[in-house]
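Colleague: Need a 3D model of the following:
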Amino acid sequence: AFYLMTCQYPAPTSGALDEALETLAKKNRFIAEENGIPYDGFKDEMDGARVAAYLGGLTAQLAEISLAAEDGDLITREIVNAARFAAHGAKLHDALRGNGKGFAALAEELAQILAEHEALWHARNKPGGYARSTEQLSWLISFYRNADI
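Modeller: Numbering: from 1, shown residues only. As a prediction, this is how the structure comes out:
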């Protein structure tokens, strides 16, 4: 799911998605072998709903934090949005397996996360790189809206 959120290989159909996941498995095997890590296959045992629920609770707690730093509010918003991105990936994981939220709901959720990300980006960075940095996530919203799986 996280691979699909950030990969450079768009997968507009379920067949292409399967190919993208196979590419991921090959990359995982290569990385493991190059680093002397035993590789016993690509594992997909995550309970996305449980992960998303945990992160949702964590996000609520994080939003209550008051940091003493000059940019403490901004830091808190960045951490909360990062947790929202991770929870979204867990929901995508379940949706790809036919569980959880449908793709339309995921499109709306990711659009909201990206809106906050854009505000955070412009608070910290030069404006020029934002569109490029979110290109795949924008593509993912389009994928959700046109998903055939």
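
Colleague: Please make it C-alpha for all contacts and neighbour counts, starting now.
Modeller: Noted.

Colleague: All the helices of this protein, residue numbers only.
Modeller: 2-6, 14-34, 48-63, 72-96, 103-124, 130-133, 135-146 (DSSP state H).

Colleague: from the ones you listed, which stretch is densest packed?
Modeller: Mean neighbours per residue, mean count of other CA atoms under 10 Å, is largest over the helices of the chain for helix 72-96, with a mean of 19.

Colleague: what helices or strands is that helix leaning on?
Modeller: Applying 3 or more CA pairs under 8 Å, 6 or more residues apart in numbering; DSSP states H and E, one finds that helix 72-96 contacts helix 48-63, helix 103-124.

Colleague: same thing but 10 Å
Modeller: The elements that helix 72-96 packs onto, with contact taken as 3 or more CA pairs under 10 Å, 6 or more residues apart in numbering; DSSP states H and E, are helix 2-6, helix 48-63, helix 103-124.

Colleague: and the angle from that helix to helix 103-124?
Modeller: 160 degrees (axes from the mean of the first three to the mean of the last three CA atoms, to 10 degrees).

Colleague: Helix 48-63 and helix 72-96, what's the angle between them?
Modeller: Going by the same axes, to 10 degrees, helix 72-96 makes 170 degrees with helix 48-63.

Colleague: Now for the protein, the helix or strand with the poorest mean pLDDT.
Modeller: Ranked by mean pLDDT, DSSP states H and E, the weakest helix or strand in the chain is helix 2-6, scoring a mean of 52.

Colleague: weakest of the helices and strands packed on helix 72-96 by average pLDDT?
Modeller: In terms of mean pLDDT, the lowest-scoring of the helices and strands packed on helix 72-96 is helix 2-6 (a mean of 52).

Colleague: thought Leu137 was touching Glu109?
Modeller: No - applying CA atoms under 10 Å, one finds Leu137 not in contact with Glu109, separated by 11.8 Å.
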